[in-house]
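Colleague: here is a sequence with its predicted model. Questions after.
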Amino acid sequence: MITTTKNSELEARLQHKIDLKTKPVGALGMLEKIAFQIGCIQQTETPVITRPTIVVFAGDHGIASKGEVNPFPQEVTSQMVYNFVQGGAAINVLSTTNDIHLKVVDAGVNHTFDKDIAITHAKVAMGTKNYQHVPAMTLEELKTAFQHAETIVTDLHKEGVNTIGFGEMGIGNTSSASLLMSYFTQIPIATCVGSGTGLDQNGISKKQRILSEVYQTYNIQNPTEALATFGGFEIAMITAAILKAAELKMTIVIDGFIVTAALLAAHAMQPNVLDYCLFAHTSNEQGHIKMLDFLKVQPILSLGLRLGEGTGAALAIPILRASVNFLQEMASFESAGISGETTP
Ligand SMILES: Cc1cc2ncn([C@H]3O[C@H](COP(=O)(O)O)[C@@H](O)[C@H]3O)c2cc1C
Ligand SMILES: O=C(O)c1cccnc1
């Protein structure tokens with residue numbers, strides 16, 4: 001069960017503490033909102049960020065093997081997993097730059113990895129099925145994905161992680177995310193489809209046509225069925241990981257289009273999950289801003305990223321640190337002997 005973080009007595013104390021810092025009221029802008037929210041998540045006026053970690057879930061998509069909706073071939077998913085292991089991907093560089101721990105999970109890549117490579121082996125299957133013909137996964141496979149993700153987050157929590165971001169790697173997964181977005185927001189599928197890794201206008205029109213047909217094929221009844229039908233394994237694991245992290249009262253940093261699609265599913269299952277989420281950035285994938293509007297949330301950064309992997313989350317975590325630190329370390333008007341506002 002995910003409990004709300006709302007606590008009016010604590011909220012009043014937190015706001016008072018923020019307002020008494022040596023600055024005009026509200027002058028630290030969004031940093032104040034972030035500090036307030038993390039204080040509420042941790043139910044304290046003195047929140048801390050410990051062992052911030054990004055978990056990248058990787059999985060393949062049945063539809064991607066045909067290359068009709070994705071400019072890059074399916075093999076890039078496993079090739080990028082090797083790149084993560086070797087430290088060469090964007091998420092490696094950004095998490096190292098910002099002192100963030102990184103974990104890579106095989107959620108269902110269509111490739112057999114050597115047992116010894118430095119990833120978490122949680123493969124559900126060799127990629128999802130093609131939802132043009134059958135649901136991406138069975139309900140049994142979805143359950144397995146949820147169990148793996150819950151174990152991963154629970155273990156990280158035991159290791160002292162209290163701030164967690166999620167990333168993904170899966171060629172074709174902007175298509176899954178668009179289908180999920182349409183189901184959960186009820187925005188027409190064509191409006192949810194974007195260029196992904198770089199489709200031109202013709203490519204986008206074809207992707208819209210194919211995904212509209214897929215959307216009409218199914219009569220989805222609930223969030224679980226939506227996840228199983230549209231996949232993928234990495235998205236399902238992110239949904240479960242978000243739900244578990246909220247249950248454990250961790251601060252969750254939401255990345256771009258695909259991670260937000262996973263959150264839409266989590267939110268439909270347990271709306272209180274939003275209390276624990278901070279939104280790292282607005283992705284340039286065109287549907288993302290509409291997802292954020294649907295959730296009525298404000299992203300921290302806007303850098304024109306459209307990559308995934310958790311890169312936006314890795315860039316936002318220093319802002320979270322700055323927010324918590326101002327709350328902990330800034331002097332108050334009283335402690336610094338500075339005169340407060342005069343009433344005009
Ligand atoms: C080299 C490379 C690295 C990536 N890292 C993340 N993605 C991103 O692009 C993919 C989704 O886009 P689409 O639906 O168009 O295939 C996902 O793997 C996502 O994480 C990448 C894509 C590529 C090509
Ligand atoms: O915003 C994202 O997460 C994204 C956008 C395009 C491609 N892959 C990921």
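Modeller: Arrived safely, thanks for sending. Numbers count the residues shown, from 1 in each chain. Ligands and ions are numbered 1, 2, ... in the order given.
Colleague: excluding its backbone neighbours, what's nearest whichever residue of the chain sits closest to ligand 2?
Modeller: The chain approaches ligand 2 most closely through G256 (2.4 Å), counting by Cβ to the nearest ligand atom. C-beta: built from backbone N, CA, C; applies to glycine. Ranked by Cβ to Cβ, 6 or more residues apart in numbering and with sequence neighbours excluded, the top spatial neighbour of G256 is S283, at 3.6 Å.
Colleague: okay but the one you found is in contact with L303, surely?
Modeller: No: when contacts are counted by Cβ atoms under 8 Å, S283 is not listed as touching L303 (9.4 Å).
Colleague: one step back: any idea how far the residue nearest to G256 lies from V324?
Modeller: S283 sits 25 Å away from V324, going by Cβ to Cβ, to the nearest Å.
Colleague: if you count surrounding residues, which of the two has more?
Modeller: Remark: of S283 and V324, S283 carries more neighbours, 29 against 22, as counted by other Cβ atoms under 10 Å.
Colleague: shouldn't the more buried one be within a strand?
Modeller: No: checked against DSSP: H, G, I helix; E, B strand; the rest coil, S283 lies outside a strand; its state is coil.
Colleague: could you report the neighbour count for the residue of the chain closest to ligand 2?
Modeller: Counted by other Cβ under 10 Å, the residues lying close to G256 total 30.
Colleague: contact partners for the closest residue to G304 other than its chain neighbours?
Modeller: Counting by Cβ to Cβ, 6+ apart, N284 is the residue found nearest to G304 once chain neighbours are left out, at 5.3 Å. Applying Cβ atoms under 8 Å, 6 or more residues apart in numbering to N284 gives the contacts 304-306.
Colleague: before we move on, what about P71?
Modeller: P71 makes contact with 196-199, 203, according to Cβ under 8 Å, 6+ apart.
Colleague: try it again at 10 Å.
Modeller: With contacts taken as Cβ atoms under 10 Å, 6 or more residues apart in numbering, P71 has the following neighbours: 171, 195-200, 203.
Colleague: near ligand 2, list only the ones from those residues.
Modeller: Subset of these in contact with ligand 2: 196-197, counting by Cβ under 6 Å from any ligand atom.
Colleague: now do the helices in the stretch 201-344 of the chain.
Modeller: 201-217, 223-230, 233-247, 257-269, 288-295, 311-329, 333-336 (DSSP state H, counting those that start in this stretch).
Colleague: quick one: contacts of the shortest one?
Modeller: The reference is to helix 333-336. Counting by Cβ under 10 Å, 6+ apart, the neighbours of helix 333-336 from elsewhere in the structure are 19-23, 330, 339-341.
Colleague: which one of those is nearest to ligand 1?
Modeller: For the contacts of helix 333-336, the residue nearest ligand 1 by Cβ to the nearest ligand atom is M330; the value is 37.4 Å.
Colleague: can you check the pLDDT for the closest one?
Modeller: M330 carries a pLDDT value of 98.
Colleague: circling back: filter the contacts of helix 333-336 to the buried ones?
Modeller: Taking 16 or more other Cβ atoms under 10 Å as the criterion, what is buried in those is 20-21, 330.
Colleague: pretty sure A136 contacts E225?
Modeller: No: the pair A136 and E225 fails to qualify as a contact (Cβ atoms under 10 Å) at a distance of 11.0 Å.
Colleague: kind regards, and thank you for your time.
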